[in-house]
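>>> here is the input, now give the coordinates:
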Amino acid sequence: MAAGFEPIAVVGMGCRFPGNANNPEEFWNLLRDGVDAISEVPRERWDADAFYDPDLAAPASMNTRWGGFLKGVDEFDYGFFAISRREAATIDPTQRLLLETSWEALEYAGLAPDGLAGSATGVFMGMSNWDFSLLLAGIPSRGATGIARSITPNRVSYFFDFHGPSLAFDTACSSSLVALDAACQSLRAGAINLALVGGVNVLLYPYLTVSAAQAGMLAPDGRCKPFDERADGYSRSEGCGVLVLKRLADALADRHDILGLICGTAVNQDGRSNGLTAPNPLAQQSVVREALRNAGVVPSEIGYVEAHGTGTALGDTIEMESLSAVLSEGRAEGEICWLGSVKANIGHPEAAAGTAALIKVMMSMRHEEILPQLHFRRVNPRLKLDPHFRIPTSRRAWPRSSQPRFAGVAAFGVGGTNAHAVVREAPVRVPVRSPVERPIHLLTLSAPTKTALDALIGRYTAYFSSAPNEALADICFTANAGRSHFEYRLAVWGSSIEEMRENLAQADYVKRPRLRRRRRARNDATSVGIWFSGATAPCLNQPTFRKVWDRCAAFVWERFGKDLNESAAMSAFAAEYALGRMWESWGVNCSAAGGQGVGRLVAQCLADDLPWTEGLTRIAAQGTPEGETPVTGADRILEVGQDDWDSLLGKLADLYVKGTSIDWQGFDRDYERQRVILPTYPFERSRCWPDANELRPLPGPFSAVSAGRN
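Okay, the predicted model is just below:
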């Protein structure tokens with residue numbers, strides 16, 4: 001492999017595609033099981049019978065009644081995104097889909113969305129559809145922000161408070177891969193540190209479907225049949241996909257579960273070909289070569305290509321000839337490059353097609369499997385397929401080996417804008433374990449409503465029931481530090497995944513000793529006072545505690561020639577002072593401190609009224625201090641003394657569910673942790689759609705035709 005650009009790591013992804021594929025795992029299952037997600041046009045979209053004509057003889061007709069459709073595009077969790085129902089009804093579903101899917105992608109990456117506010121995060125989204133605007137009978141409200149494509153990525157940036165570039169890309173079917181190219185360039189240039197990139201497409205109005213059908217582009221049976229001799233057009237479909245990108249070095253430093261690497265991308269244009277919409281084979285070859293060059297990859301290293309593969313006889317033929325011309329170079333006999341196209345399963349989601357292809361490729365690499373091509377029976381004789389290229393007809397293993405696996409992803413816009421990406425398998429994830437570990441771990445879950453929290457608890461209960469192949473410490477770290485925290489809160493702690501599952505499964509029915517659940521009232525005060533009881537405290541096996549304890553022990557030995565444990569008062573002071581500093585490292589900054597006995601001195605030291613060395617010196621000179629210092633000015637009291645891990649986590653859980661802000665990164669800073677993939681937030685969607693009088697009674701320019709057919 002030659003030298004190329006720095007790889008860009010994909011650290012998170014979210015998606016919604018036809019066939020109820022509402023996350024990457026469900027999407028993979030759909031593809032693995034060979035599901036055909038195409039269905040008849042739902043009646044709520046348009047009346048397919050009013051436009052259907054198998055021979056396209058009538059004007060404004062379409063030769064298909066099929067497509068790939070999402071369920072519930074009229075629904076939206078408007079309250080979660082702080083939007084009124086009335087305004088939400090006037091916002092294009094593409095904007096709403098991107099908001100929800102972006103949130104899910106960030107959670108998939110183990111990144112707390114609210115922790116990214118103000119960051120140099122860029123949003124790069126492909127979209128080419130304006131159906132929602134055609135549905136509206138009147139003048140759009142709010143300056144047309146609900147329907148403008150330019151606003152779609154801006155709405156994402158606005159909600160999350162991202163300060164990086166926020167750009168919409170419309171190059172038709174190559175839009176999301178063109179967006180990927182721009183995002184990778186921005187990351188490599190150092191202009192941003194994180195990128196959300198993807199595409200979205202929703203079919204609400206028959207205008208473009210009729211146009212495509214009249215141009216002879218659509219398959220009458222509604223199925224894309226890439227590479228097959230029966231290829232006779234494509235099927236339009238919907239979908240939304242979002243990827244979260246970081247520079248590889250940053251992703252490794254932040255201990256992400258990397259999903260794949262974008263090694264090289266390229267974009268070019270057909271220029272003057274046989275027609276505006278006619279492909280240019282030389283331009284297609286050129287974009288593949290440039291992507292390979294940028295990736296530092298030679299053609300023979302590509303083991304799989306997720307082709308544009310719409311199932312049009314001309315388009316497939318030119319694409320295969322172009323790929324063969326480039327990727328057959330340098331291949332030894334028997335070195336195979338497999339070909340596939342996700343469009344056979346879900347149809348052609350147009351501006352979201354490139355993202356769907358990328359997710360398929362990365363999931364194939366993750367599961368080490370190449371899937372059979374749906375709707376493929378016999379190769380189209382016009383393809384002139386090179387012997388090195390094959391189309392899989394059964395599931396095939398695609399295991400890791402001593403050499404990295406590479407794949408290509410292709411996309412071509414109808415107007416001639418071509419894009420290509422070279423994807424490399426993710427680096428091998430080596431589990432990390434801390435030399436020192438807690439015996440018990442704490443997990444927090446939260447939501448803005450009780451019903452959403454109940455649903456989230458259900459998702460985690462199911463997750464724990466599936467015996468996840470992840471360390472409990474990593475699960476808890478990701479859930480605590482990689483999620484935003486809301487009003488309805490739950491905290492559960494335990495020593496095993498099974499104990500966590502049992503507690504969560506009974507969260508509403510049984511009072512569990514290691515579970516706390518509460519709504520944080522909006523007017524809950526959050527100031528915390530710490531009270532040191534002066535009792536002999538344990539010497540915890542916790543790194544921050546140990547550092548402070550050892551510092552006290554070294555001081556006592558050097559100054560007084562004594563072992564710290566020889567003096568009960570000194571050891572109690574050191575333990576309580578270390579506990580106080582440990583709580584501070586967890587983000588519990590106390591507004592007041594008090595105590596009795598040595599706790600009085602500890603309180604003064606933590607309040608910076610007395611150096612800790614002076615506290616130990618006074619104890620050495622005077623023995624155990626008497627009396628107590630009261631707590632004043634705090635809404636909650638945290639008592640520190642003889643705490644074991646169970647007691648500590650119980651106190652932390654109490655503070656959390658009552659609304660105290662915890663530094664969850666700090667809570668695990670002393671340990672080796674990795675981000676893992678966990679269940680995402682369960683949105684509470686409800687219907688948000690314009691009233692009937694706000695919609696066109698019949699589909700605009702087709703009103704006369706459709707009225708006559710009805």
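
>>> helices of the stretch 51-200 of the chain, start to end?
Ranges of helices within the stretch 51-200 of the chain are 85-89, 93-108, 131-135, 151-160, 175-188, based on DSSP state H, counting those that start in this stretch.

>>> got the angle for the fourth one vs helix 175-188?
When you say that, I think you mean helix 151-160. On the basis of axes from the mean of the first three to the mean of the last three C-alpha atoms, to 10 degrees, helix 151-160 is oriented at 50 degrees to helix 175-188.

>>> adding mean neighbour count and distance to A58, write the helices of the stretch 51-200 of the chain out as CSV.
All C-beta spots, glycine's among them, are computed from the backbone N, C-alpha and C. Shown next, in CSV, are the helices of the stretch 51-200 of the chain (neighbours: other C-beta atoms under 10 Å; distance: least, C-beta to C-beta, whole Å):
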stretch, mean neighbour count, distance to A58
helix 85-89, 15, 34
helix 93-108, 26, 30
helix 131-135, 18, 21
helix 151-160, 21, 35
helix 175-188, 26, 32
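
>>> of all the ones you listed, which lies closest to G482?
With C-beta to C-beta as the measure, helix 93-108 is the member of the helices of the stretch 51-200 of the chain nearest G482 (6.9 Å).

>>> still on that earlier bit, worst average pLDDT in the helices of the stretch 51-200 of the chain?
Among the helices of the stretch 51-200 of the chain, helix 131-135 carries the lowest mean pLDDT, at a mean of 91.

>>> contact partners of it?
92-94, 140, 144, 146-147, 202-205, 207-208, 690, 695-696, 699-700 (C-beta atoms under 8 Å, 6 or more residues apart in numbering).

>>> figure out which of the helices of the stretch 51-200 of the chain is closest to E238.
So among the helices of the stretch 51-200 of the chain, helix 93-108 is nearest, using C-beta to C-beta, at 8.9 Å.

>>> packing partners for that closest one?
Judged by 3 or more C-beta pairs under 8 Å, 6 or more residues apart in numbering; DSSP states H and E, the packing partners of helix 93-108 are strand 8-16, strand 75-76, helix 151-160, strand 194-201, strand 239-247.

>>> looking at those, which one is packed in the most?
strand 194-201 (a mean of 31; mean count of other C-beta atoms under 10 Å).

>>> now that strand: average pLDDT?
Here the average pLDDT along strand 194-201 is 98.

>>> swap in stretch 22-42?
For stretch 22-42, mean pLDDT rounds to 98.

>>> end-to-end on that stretch?
In stretch 22-42, first residue to last residue: 19 Å (C-alpha to C-alpha, to the nearest Å).

>>> what do you get for stretch 391-400?
Criterion C-alpha to C-alpha; first-to-last residue distance in stretch 391-400 is 20 Å.

>>> let me see the mean pLDDT of that stretch.
The average pLDDT for stretch 391-400 rounds to 97.

>>> show residues contacting that stretch.
Contacts for stretch 391-400 (C-beta under 8 Å, 6+ apart): 32, 227, 303-304, 338-340, 364-365, 368-373, 376, 379, 385, 405, 425, 428.

>>> low-confidence ranges in the chain?
1-4, 510, 522-526, 534-539, 624, 626-630, 632, 698-710 (pLDDT under 70).

>>> got the domain ranges for it?
24-224+243-424, 441-519, 532-645 (automatic domain parsing).

>>> just put the ones you listed in a markdown table and tack on distance to P679.
Shown next, in a markdown table, are the domains of the chain (distance: least, C-beta to C-beta, whole Å):
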| stretch | distance to P679 |
| --- | --- |
| domain 24-224+243-424 | 9 |
| domain 441-519 | 4 |
| domain 532-645 | 25 |
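
>>> can you say which of those domains is packed in most?
Of the domains of the chain, domain 24-224+243-424 is the most buried (mean count of other C-beta under 10 Å), at a mean of 21.

>>> off-centre distance for that domain?
16 Å (C-alpha atoms, centre = their mean, to the nearest Å).

>>> can you tell me the distance between the two ends of that domain?
End-to-end distance of domain 24-224+243-424 (C-alpha to C-alpha): 18 Å.

>>> kindly report the same for stretch 372-381.
Using C-alpha to C-alpha, first and last residues of stretch 372-381 are 20 Å apart.

>>> how about stretch 225-244?
End residues of stretch 225-244 are separated by 31 Å (C-alpha to C-alpha).

>>> then stretch 291-311?
When the termini of stretch 291-311 are compared using C-alpha to C-alpha, they are 24 Å apart.

>>> repeat that for stretch 257-273.
Stretch 257-273 end-to-end distance (C-alpha to C-alpha) = 44 Å.

>>> go on, stretch 605-618?
Taking C-alpha to C-alpha, stretch 605-618 runs 12 Å from one end to the other.

>>> just give me how far that stretch sits from the chain centre.
47 Å.

>>> touching it from outside, list them.
Here stretch 605-618 has contacts from 530, 552, 555-556, 559, 570, 573-574, 577, 580-581, 584, 590, 593, 598, 601-602, 604, 625, using C-beta under 8 Å, 6+ apart.

>>> how about 10 Å then?
530, 532, 548, 551-553, 555-556, 559-560, 564, 567, 569-570, 573-574, 576-581, 583-584, 589-595, 598, 600-604, 625, 629, 640 (C-beta atoms under 10 Å, 6 or more residues apart in numbering).

>>> ok so, going back, tell me which of the helices and strands packed on helix 93-108 lies nearest to F69.
Smallest distance to F69 across those (C-beta to C-beta): 9.8 Å, for strand 239-247.

>>> quick check: next helix or strand after that closest one?
helix 248-253 (DSSP states H and E).

>>> next structured bit after that following helix?
Past helix 248-253, the next helix or strand by DSSP H and E is strand 260-269.

>>> within the sheet, what are the partner strands of that next one, with directions?
Each strand paired with strand 260-269, and its direction, by DSSP bridges: strand 8-16 (antiparallel), strand 417-424 (antiparallel).

>>> now distance to V242 too, for those, in CSV please.
Shown next, in CSV, are the strands paired with strand 260-269 (distance: least, C-beta to C-beta, whole Å):
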stretch, distance to V242
strand 8-16, 5
strand 417-424, 16
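
>>> find the centremost residue of this protein, please.
A105 (1.6 Å; C-alpha atoms, centre = their mean).

>>> which ones are touching A554?
L564.

>>> off-centre distance for the host helix or strand of it?
For A554, the enclosing helix or strand under DSSP H and E is helix 543-560. In terms of C-alpha atoms, centre = their mean, the centre of helix 543-560 is set 44 Å apart from its chain centre.

>>> any idea which helix or strand comes after it?
Using DSSP H and E, the helix or strand that follows helix 543-560 in sequence is helix 568-585.

>>> okay, the angle between that following helix and helix 543-560?
Using the same axes, to 10 degrees: helix 568-585 against helix 543-560 is 140 degrees.

>>> other SSEs contacting helix 568-585?
Packing partners of helix 568-585 (3 or more C-beta pairs under 10 Å, 6 or more residues apart in numbering; DSSP states H and E): strand 528-532, helix 543-560, strand 592-596, helix 598-606, helix 612-622, strand 636-640, helix 645-657, helix 664-667.

>>> centre of the chain to the fourth one, how far?
Put plainly, it is helix 598-606. Centroid displacement of helix 598-606 relative to its chain, using C-alpha atoms, centre = their mean, is 45 Å.

>>> that one vs helix 568-585, what angle?
If you take the same axes, to 10 degrees, helix 598-606 sits at 40 degrees to helix 568-585.

>>> likewise for the longest one?
For helix 543-560 and helix 568-585, the angle between their directions (the same axes, to 10 degrees) works out to 140 degrees.

>>> now swap in the third one and tell me
Here strand 592-596 runs at an angle of 160 degrees relative to helix 568-585 (the same axes, to 10 degrees).

>>> strand 592-596 pairs with which strands, parallel or anti?
strand 528-532 (parallel), strand 628-629 (antiparallel).

>>> export these to CSV and tack on distance to L56?
Compiled in CSV, the strands paired with strand 592-596 are given as follows (distance: least, C-beta to C-beta, whole Å):
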stretch, distance to L56
strand 528-532, 72
strand 628-629, 88
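
>>> could you pull out the strands for the stretch 201-350 of the chain?
Counting by DSSP state E, counting those that start in this stretch, the segments of the stretch 201-350 of the chain that form strands are 239-247, 260-269, 302-306, 337-340.

>>> that's all I had, so thanks and see you.
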